[in-house]
Structure formats: structure tokens, C-alpha cells
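**Student:** Fold the following.
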Amino acid sequence: MSETLQRLAEIIESRKLANGGNPETSYVARLFSKGDDAILKKIGEEATETVMAAKDARVDGDVSHVLYECADLWFHSMIMLAQFNLTPQDVLNELARREGLSGIEEKANRKLIAREIEETAETKAAKK
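**Tutor:** Predicted coordinates:
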């Protein structure tokens, strides 16, 4: 994993309230203290800003805002990952797992797995 991503993930992890993060002095700790909804809302905002920056870049040719907004989106996504005790390496591992699969094949596999999970849950519920 990139050293930059690793360092950033470690800093984000250190900002969790359980690790001593202070919401009064840390933006990340403040997001953690507000919980899932605040983090997810921020990701939605950053995703929208990224889309708008990309649309603008097609008109004016300036891609710098795409880069800035994408960095914000990644940053807030890393906060969400930490909220769920996941890391950027987990995402990279998932991307590596998908490498060589067509998008259509990968999506079909996800549907198959979801169906198997649902059938297992139904079987367990029927046994109760």
C-alpha cells in the first residue's frame, strides 16, 4: 500500500474517540463523534462535488478541481472505512481479488453470493 495512504490511515485511526481523539481539536474526531450519518453525509457531499468538478472540467479543461475533490472523497471514504474497522489495504485486497474479472462477471458473482446468503438465512429462520 502507498506510504501516504498508510500514514493517513494511521492518523485517522488515532483520531477515533477510543484512541484519544478530541472532537474539539480534530475535524476527524468530530466526525467520529457525530457517528455514521455525519460521515456518510460528508461522503455524499464530496461525491457530488467530485461529479460536478468532472463535469466542469469537460467544459473548461481545468482538471485541478477534479483532483482536489477526489482527494476529499478518498479522505472521507477512509474515515468511513475506519468507522467500520476497515483499512485502505482491505479495499486494495478486494480490488486485487477482482483483477482479471470482467465487471459483468464480478457483478453476477455478487448476486450469486447474495442469493446464497439469503437462502442460508431463510433456512436458519425456518429451523427455528
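**Student:** burial count for the closest residue to residue 88 other than its chain neighbours?
**Tutor:** Excluding the flanking residues, the one nearest residue 88 by Cβ to Cβ, 6 or more residues apart in numbering is residue 5, at 4.6 Å. In this view, the C-beta of every residue, glycine as well, is placed from N, C-alpha and C. Other residues near residue 5 come to 16 when the count uses other Cβ atoms under 10 Å.
**Student:** Then residue 4?
**Tutor:** Residue 4: 9 neighbours (other Cβ under 10 Å).
**Student:** Kindly report the same for the one 3 residues further on.
**Tutor:** Taking other Cβ under 10 Å as the criterion, the count of residues near residue 7 is 10.
**Student:** go on, residue 124?
**Tutor:** By other Cβ under 10 Å, the residues close to residue 124 number 9.
**Student:** can you check residue 60 too?
**Tutor:** Residue 60 has 8 neighbours, counted by other Cβ under 10 Å.
**Student:** Need the pLDDT of it.
**Tutor:** On pLDDT, residue 60 comes in at 97.
**Student:** dump the residue contacts of it.
**Tutor:** Under the criterion of Cβ atoms under 8 Å, 6 or more residues apart in numbering, residue 60 has no contact partners.
**Student:** any idea how far it lies from residue 85?
**Tutor:** Going from residue 60 to residue 85 by Cβ to Cβ, to the nearest Å gives 41 Å.
**Student:** do the same with residue 98
**Tutor:** Here residue 98 is placed at a distance of 22 Å from residue 85 (Cβ to Cβ).
**Student:** Local confidence estimate at the most centrally placed residue in the chain?
**Tutor:** Nearest residue to the geometric centre of the chain (Cα atoms, centre = their mean): residue 77, 3.5 Å. The model reports residue 77 with a pLDDT of 98.
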